[in-house]
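Visitor: Here is my input, please return the structure:
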Amino acid sequence: MFKNKSYIGISFIILIFGIYAVPKIVDRIKNGEVVKGNRLDNVGLKDSKADAKLITIGPAPKFDLTNQDNIKVSNDTYKGKVYVLEFFFTTCPSICPKMNLSMLEIEKTFFGNPNFGIVSITIDPKHDTPQVLKDHAKLLGVKSSNWNFLTGDKATIMDLSNKGFNLYAGENEKVSGGFEHSGLFALIDKDGNIRCRKDEFGNPNIYYDGLDKKGVRDIQEDIKILLAE
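Guide: Sure, this is the predicted structure:
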């Protein structure tokens, strides 16, 4: 008789607990609140760091051009350095001013770091002589000695952009400035390889948008990763 009363009492307690607790647990599951423990959060952080590993696309195309100080500059100049590369021209009235501001922001972030540099290659070498590039750098307020503005043979530069980096550049008399080109930046590591991050689907975002705040923020984050390698 005593045992039966005990079982009844225990059953009653379980019933009361179920009536009170089960709806709350269901609500927490619906709201996604059940998996908020520190241990699970830490696992998520480790996974996100692994996903942030940069992809190696392959060796950057070789170049051998002349800078604003009339000195030859090539891939070998940047051996052991992380650098960002772009194509532009000094009289560009459309996207180049925005690209300039983005590069200046990047320069400011890594100014004084001897292992970082910038390469800006003109697609209008007929106009953009070394002296013109030197004046342009001064106008922008460039401070880094590792930021080279390069000029050279026009056909060579167009092939380097279109066939080498697969970044569009071309002449078009119908557009303001007479040239069209990409606003994307290439990121190259200390071993001379093009590097990038993955998109949300796991595909490589080979280049970074120099016209977009997120693209500029992303490339700065990834420069830091490469400098630490």
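
Visitor: Which stretches in the chain count as helices?
Guide: 2-30, 38-51, 96-110, 130-140, 154-159, 213-228 (DSSP state H).

Visitor: weakest of these by average pLDDT?
Guide: Lowest mean pLDDT within these: helix 38-51, at a mean of 35.

Visitor: Kindly tell me how buried the closest residue to residue 158 other than its chain neighbours is, as a neighbour count.
Guide: Using C-beta to C-beta, 6 or more residues apart in numbering and skipping residues adjacent in sequence, the residue nearest residue 158 is residue 169, 6.0 Å away. For the C-beta atoms, the positions are set from N, CA and C on the backbone; glycine is no exception. Around residue 169 there are 22 other residues, counting by other C-beta atoms under 10 Å.

Visitor: gap between residue 169 and residue 79?
Guide: Taking C-beta to C-beta, to the nearest Å as the measure, residue 169 and residue 79 are separated by 25 Å.

Visitor: List the residues that contact the spatially closest residue to residue 209 that is not a sequence neighbour.
Guide: In this structure, residue 209 finds its nearest non-sequential neighbour in residue 215, 3.2 Å apart by C-beta to C-beta, 6+ apart. Contact analysis of residue 215 by C-beta atoms under 8 Å, 6 or more residues apart in numbering lists 102, 185, 208, 209.

Visitor: Any idea what the second one is bridged to?
Guide: Translated: residue 185. Here residue 185 sits in beta bridges with residue 208, going by DSSP bridges.

Visitor: Thought residue 184 was touching the residue nearest to residue 158, still the case?
Guide: No. Between residue 169 and residue 184 there is no contact under C-beta atoms under 8 Å: 11.0 Å.

Visitor: so how many other residues sit close to residue 184?
Guide: 22.

Visitor: my read: it touches residue 208, true?
Guide: Yes. Judged on C-beta under 8 Å, residue 184 makes contact with residue 208 at a distance of 6.5 Å.

Visitor: What's the end-to-end length of stretch 201-214?
Guide: 18 Å (C-alpha to C-alpha, to the nearest Å).
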